[in-house]
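kindly generate the corresponding structure for this input.
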Amino acid sequence: MQYLTEFRGREQEIVDLFAATFTASDGMAEGELTGGLVRKLMCGTPRKDIHLFTTWDNGLLVAGAVLTRLTFAGDPRTVFLVSPMAVATDRQGEGIGKALLRHALAEMRNEGVDVVMTYGDPAFYGRVGFLPVSEVIVPAPLPLSHPEGWIGQSLTAAELTPLHGPGTCVMALDDARFW
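Numbers count the residues shown, from 1 in each chain. Down below sits the predicted model:
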């Protein structure tokens with residue numbers, strides 16, 4: 001397995017992975033929505049505000065995780081959001097997603113990121129250290145339709161203490177459909 005962070009020149013392949021994965025799990029509309037989101041994130045997010053980690057196996061893209069900046073008006077800490085993440089349908093259950101997340105979190109820690117959040121399945125993300133987080137501790141940028149999916153972790157030795165909001169996400173994620 002090879003991990004890459006450069007996505008320029010690979011945009012269509014990455015969009016196709018996310019669209020196919022979300023179509024298989026949640027239907028055509030969700031696949032199109034997520035594929036479109038990933039395209040907007042790659043094309044419209046300032047480089048300092050996005051990290052895209054991919055896993056390749058024998059030249060084939062098998063997983064991807066997009067991390068984008070969350071900012072909190074009254075807090076100096078560096079915070080990123082994992083959203084979305086995808087593993088090729090025929091490769092799920094092999095530990096590829098967990099390994100990619102561990103790699104991504106280690107890289108973010110090395111870059112000085114303080115906190116990583118996600119809005120997803122607590123059972124999956126819990127395998128790599130994500131824990132439920134109250135919106136009192138970390139305010140979500142938009143109202144959450146499933147608050148139990150708001151999970152995160154500190155990447156420093158300090159425990160996760162309240163972030164002083166309000167919270168703001170990158171422009172492509174500033175859409176109630178994703179929350």
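
helices or strands next to the longest strand seen in the chain in the packing?
The strand that spans the most residues within the chain, counting by DSSP state E, is strand 60-72. Judged by 3 or more Cβ pairs under 8 Å, 6 or more residues apart in numbering; DSSP states H and E, strand 60-72 is in contact with helix 11-26, helix 28-44, strand 50-57, strand 79-87, helix 96-110, strand 167-168. The C-beta positions use only the backbone N, C-alpha and C, and glycine is treated the same way.

tell me the most buried of these?
strand 79-87 (a mean of 23; mean count of other Cβ atoms under 10 Å).

list the contacts of that one.
With contact meaning Cβ atoms under 8 Å, 6 or more residues apart in numbering, strand 79-87 is reached by 17-18, 21-22, 34, 37-38, 51, 62-72, 96-97, 100-101, 104, 108, 113-120, 125, 138, 163, 169, 173, 178.

now render the helices and strands packed on strand 60-72 as JSON lines, adding mean pLDDT.
Putting the helices and strands packed on strand 60-72 into JSON lines (pLDDT from 0 to 100) gives the following:
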{"stretch": "helix 11-26", "mean pLDDT": "97"}
{"stretch": "helix 28-44", "mean pLDDT": "97"}
{"stretch": "strand 50-57", "mean pLDDT": "98"}
{"stretch": "strand 79-87", "mean pLDDT": "98"}
{"stretch": "helix 96-110", "mean pLDDT": "98"}
{"stretch": "strand 167-168", "mean pLDDT": "94"}
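
what's the closest of those to Thr5?
Taking Cβ to Cβ, strand 50-57 is the member of those nearest to Thr5, at 5.9 Å.

now the closest one against strand 60-72, angle please.
Using axes from the mean of the first three to the mean of the last three Cα atoms, to 10 degrees, the interaxial angle of strand 50-57 with respect to strand 60-72 works out to 160 degrees.

partner strands of strand 50-57, with direction?
Pairing partners of strand 50-57, with direction, according to DSSP bridges: strand 2-4 (antiparallel), strand 60-72 (antiparallel).

phi and psi next, for the closest residue in space to Thr68 that isn't next to it in sequence.
Nearest-residue entry for Thr68: Val170, 4.5 Å, with adjacent residues in sequence omitted and distances by Cβ to Cβ, 6 or more residues apart in numbering. In terms of degrees, to the nearest 10, the main-chain angles of Val170 are phi -70, psi 160.
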